[in-house]
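Asker: predicted model, plus sequence, below.
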Amino acid sequence: EDQVTQSPEALRLQEGESSSLNCSYTVSGLRGLFWYRQDPGKGPEFLFTLYSAGEEKEKERLKATLTKKESFLHITAPKPEDSATYLCAVQPTNNAGNMLTFGGGTRLMVKP
Amino acid sequence: NAGVTQTPKFRILKIGQSMTLQCAQDMNHNYMYWYRQDPGMGLKLIYYSVGAGITDKGEVPNGYNVSRSTTEDFPLRLELAAPSQTSVYFCASSWAGLEAFFGQGTRLTVV
């Protein structure tokens, strides 16, 4: 069974204090790993897709990396507007609907 | 280009009532999905569709039904609502299983 575990569940940072969010996964075969951002009362917003171990992608203060067992979302010098819940999801191979299996999310709070 | 539009945004149902959650996308995506999100939990897949006329069950389909008569629309039907169906429901669409775009959600309370 495909599983995705995110840690920590919640993270409080001071503005400018860099940190990383972890996404550990178990999947029979990985087609892609997705990161989403979700603001309160809104739907998830796509950030990145990673396809193979060693791949990295960046967007502003965010950088996502992928190994064979986990992915990290690194946040460099965060700002209060980076506060949100970050969701990780895996898309297995041999998956007729190209469905995503989501982790529980990490709620990030950045204080000024 | 509105993306994925869900209606209603909020709804309160009484136990045993039925309702349909509407979802429409204007991106000509072939794949569409319904997820539910409970507090502190990840999204769970209810049903999905790979194209008009084709639907299949996800992880938690009991108590729900779907149809896909057009590419654009993917309504979710709740029959005989139960308190366990209190949740936030998200519709999403994607092209060929690439990144999914989500609607704003429907917050449903069953009392």
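Answerer: Cool, the structure landed. Residues are numbered from 1 along each chain as shown, chains lettered A, B, ... in the order given.
Asker: C-alpha only now, for contacts and for neighbours.
Answerer: Will do.
Asker: in stretch B:96-111, what's buried?
Answerer: B:97, B:99-110 (16 or more other C-alpha atoms under 10 Å in any protein chain shown).
Asker: these also near chain A: which ones?
Answerer: B:97, B:99-105 (C-alpha under 8 Å from any C-alpha of the partner chain).
Asker: any idea how far residue A:76 is from the residue in chain B positioned nearest to chain A?
Answerer: Residue of chain B nearest chain A, by C-alpha to the nearest C-alpha: residue B:42 (4.0 Å). Taking C-alpha to C-alpha, to the nearest Å as the measure, residue B:42 and residue A:76 are separated by 25 Å.
Asker: okay, those two: which has more neighbours?
Answerer: Using other C-alpha atoms under 10 Å in any protein chain shown as the criterion, residue B:42 and residue A:76 rank with residue B:42 on top: 21 against 16.
Asker: rank the ones next to chain A among the buried residues of stretch B:96-111 by pLDDT and give me only the lowest.
Answerer: Checked by pLDDT, these have residue B:97 as the lowest-scoring entry (76).
Asker: so what's the residue nearest to it when sequence neighbours are not counted up against?
Answerer: Once flanking residues are discounted, residue B:97 sits nearest to residue A:98: 5.0 Å by C-alpha to C-alpha, 6 or more residues apart in numbering or on different chains. The contact partners of residue A:98, taken as C-alpha atoms under 8 Å, 6 or more residues apart in numbering or on different chains, are A:91-92, B:96-97.
Asker: surely residue A:81 forms part of a helix?
Answerer: Yes - under DSSP: H, G, I helix; E, B strand; the rest coil, residue A:81 sits within a helix.
Asker: secondary structure element holding the nearest residue to it once chain neighbours are set aside?
Answerer: Nearest non-adjacent residue to residue A:81, counting by C-alpha to C-alpha, 6+ apart: residue A:110, 7.6 Å away. Secondary structure from DSSP states H and E places residue A:110 in strand A:106-111.
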